[in-house]
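Peer 1: need a structure here:
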Amino acid sequence: MTTPYQKANIPEEIPLLFTKAWNQYNASFIASLFTKDADFVNVTGLRFRNKERIFKAHDYGLKVIFNHSSMKLISTDVKMLSDDIAIVHARTSISEQTDDITERPLAHPRHQQFTFVAQKTDKHWLCCAAHNTEVIEGMETFKRNEDGSYSTVNYKKYGKNKTDS
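Peer 2: Below is the predicted model:
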């Protein structure tokens with residue numbers, strides 16, 4: 001028997017409930033916010049192609065990588081595409097991510113921008129697609145270094161960007 005989790009009555013509740021589920025380390029609750037055939041793209045670009053895979057990815061992450069973490073919802077913005085389809089943007093931060101070597105929480109929080117594509121089904125809203133992007137303040141893009149590693153770059157710093165954004 002599955003536990004009945006809180007459902008989103010309006011689109012902007014999806015990131016609120018996602019944050020609540022994260023802070024309870026509850027991957028089943030996270031998965032309950034998605035349709036059966038939903039897609040989730042994580043911060044590194046890995047795509048989880050259905051509710052079961054979304055559950056498994058978050059179950060692993062919340063037990064191993066984020067087992068001491070805390071997510072904070074900073075802002076939410078909704079763009080209605082129709083009466084039953086919405087795009088929900090949510091800015092979040094995560095603190096206390098576990099270090100992979102020492103297994104101690106990292107000192108600095110991370111910041112994310114989520115995009116949820118939400119669909120009204122019966123009485124509730126469910127997410128049919130989500131994308132999580134890391135926000136690195138003051139940076140415009142990534143570059144691939146000669147050794148294969150990545151670093152962030154801000155071209156405005158070097159005067160190469162002549163347009164205002």
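Peer 1: Report the residue spans of the chain with pLDDT below the cut-off.
Peer 2: 1-3, 99-107, 157-165 (pLDDT under 70).
Peer 1: in the helix or strand harbouring Cys128, what counts as buried?
Peer 2: With elements taken from DSSP states H and E, the one containing Cys128 is strand 124-134. Neighbour-count burial for strand 124-134, counted by 16 or more other C-beta atoms under 10 Å, picks out 124-132. C-betas here are computed from N, CA, C, even on glycine.
Peer 1: could you redo those as JSON lines and give each row distance to Lys156?
Peer 2: Listed next are those as JSON lines, based on distance: C-beta to C-beta, whole Å:
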{"residue": "His124", "distance to Lys156": "43"}
{"residue": "Trp125", "distance to Lys156": "38"}
{"residue": "Leu126", "distance to Lys156": "40"}
{"residue": "Cys127", "distance to Lys156": "34"}
{"residue": "Cys128", "distance to Lys156": "36"}
{"residue": "Ala129", "distance to Lys156": "32"}
{"residue": "Ala130", "distance to Lys156": "30"}
{"residue": "His131", "distance to Lys156": "25"}
{"residue": "Asn132", "distance to Lys156": "25"}
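Peer 1: Which strand residues bridge the residue nearest in space to the middle of the chain?
Peer 2: The centre of the chain sits closest to Asn132, judged by C-alpha atoms, centre = their mean, with a distance of 3.7 Å. For Asn132, the beta-bridge partners are Phe114 (DSSP bridges).
Peer 1: For it, give its distance to Gly61.
Peer 2: Computed with C-beta to C-beta, to the nearest Å, the distance linking Asn132 and Gly61 is 11 Å.
Peer 1: same for the host helix or strand of Glu52, what does it pack against?
Peer 2: Following DSSP H and E, one finds Glu52 within helix 51-64. With contacts defined as 3 or more C-beta pairs under 8 Å, 6 or more residues apart in numbering; DSSP states H and E, the packing partners of helix 51-64 are helix 27-32, strand 34-41, strand 47-48.
Peer 1: Reformat those as a markdown table; add distance to Arg110 and mean neighbour count.
Peer 2: As requested, the helices and strands packed on helix 51-64 are arranged in a markdown table below (distance: least, C-beta to C-beta, whole Å; neighbours: other C-beta atoms under 10 Å):
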| stretch | distance to Arg110 | mean neighbour count |
| --- | --- | --- |
| helix 27-32 | 18 | 21 |
| strand 34-41 | 16 | 18 |
| strand 47-48 | 19 | 16 |
